[in-house]
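**Student:** sequence isn't available, so here's the structure alone:
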């Protein structure tokens, strides 16, 4: 035993091996804990926004807006956000596993802990309206967000299927024709003489509306029903 210790000391001296400072261990552990916390928060945000999108989706309340089950899944379930949430939870688990205390917990316990914390924080965020605010910020500043992460607006950008959404930019009460700018910036003439105006809709400039009807031509749409945009959906935002 003494011989082994002696050889070890000689090897240390020979290779000039120096002990790693304690602060480096502390820094590494703090970094891992920081990454764990960040990914846990991101997972909570992902879950909160998933709840918000699910709870404010027209398709869940009106299945007539879609033609089949596959279209219902694509337009109603925030698949991208759910996948991101799972990814953040997995990364949080990986980071926690590499902390000093991580070895004490089984894989199942760590996953369950991450999932429970993400769900609880996500529910709280959604309850305080933070998920809606974050979703609006992402929609305003992240290119193609509405085409990948939040597809609710796509429901009302299908004039060929009878669904159109936009903002009123001109009204002619005599001819019963109003103009709207859709979510992509295109101007439409809306024939609304026989349309049923529902909810809190006020036909005035700047009003954001959803329209059910049929496309008469490339820029003319005959409305059978006009709904308020704010309600099940969020405030209208232009797609990037």
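**Tutor:** Here it is on my side, so go on. Bear in mind the structure is a predicted one, so any value in this text is a computation, not a measurement.

**Student:** where does pLDDT dip in the chain?
**Tutor:** Residues of the chain meeting the criterion pLDDT under 70: 1-26, 230-240.

**Student:** mind giving me the domain ranges of it?
**Tutor:** Residue ranges of the domains in the chain are recorded as 22-148, 156-228, according to automatic domain parsing.

**Student:** mind checking how far the first one is from the chain centre?
**Tutor:** It stands for domain 22-148. Here the centre of mass of C-alpha atoms in domain 22-148, compared against the chain's by CA atoms, centre = their mean, to the nearest Å, lies 9 Å away.

**Student:** helices along the protein, start to end?
**Tutor:** When assigned using DSSP state H, the helices of the chain occupy the ranges 2-14, 22-55, 58-61, 69-76, 79-97, 107-127, 130-141, 145-148, 152-155.

**Student:** now mean neighbour count too, for these, in JSON lines please.
**Tutor:** To be clear about C-beta, it is placed using only N, CA and C from the backbone, and glycine gets the same treatment. Conversion of the helices of the chain to JSON lines gives the following (neighbours: other CB atoms under 10 Å):
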{"stretch": "helix 2-14", "mean neighbour count": "9"}
{"stretch": "helix 22-55", "mean neighbour count": "17"}
{"stretch": "helix 58-61", "mean neighbour count": "16"}
{"stretch": "helix 69-76", "mean neighbour count": "14"}
{"stretch": "helix 79-97", "mean neighbour count": "19"}
{"stretch": "helix 107-127", "mean neighbour count": "16"}
{"stretch": "helix 130-141", "mean neighbour count": "16"}
{"stretch": "helix 145-148", "mean neighbour count": "16"}
{"stretch": "helix 152-155", "mean neighbour count": "20"}
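
**Student:** now render the ones you listed as JSON lines, adding distance to residue 207.
**Tutor:** Listed next are these as JSON lines, based on distance: least, CB to CB, whole Å:
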{"stretch": "helix 2-14", "distance to residue 207": "79"}
{"stretch": "helix 22-55", "distance to residue 207": "23"}
{"stretch": "helix 58-61", "distance to residue 207": "18"}
{"stretch": "helix 69-76", "distance to residue 207": "24"}
{"stretch": "helix 79-97", "distance to residue 207": "29"}
{"stretch": "helix 107-127", "distance to residue 207": "27"}
{"stretch": "helix 130-141", "distance to residue 207": "19"}
{"stretch": "helix 145-148", "distance to residue 207": "21"}
{"stretch": "helix 152-155", "distance to residue 207": "17"}
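
**Student:** so which of those helices gets nearest residue 205?
**Tutor:** Using CB to CB as the criterion, the shortest distance between residue 205 and those is 21.1 Å, found for helix 152-155.

**Student:** pull the distance from the closest one to the chain's centre.
**Tutor:** In terms of CA atoms, centre = their mean, the gap separating the centre of helix 152-155 from the centre of its chain is 13 Å.

**Student:** quick one on the thing from earlier: and residue 200, which of the helices of the chain is closest to it?
**Tutor:** With CB to CB as the criterion, residue 200 lies closest to helix 58-61 of the helices of the chain, at 15.6 Å.
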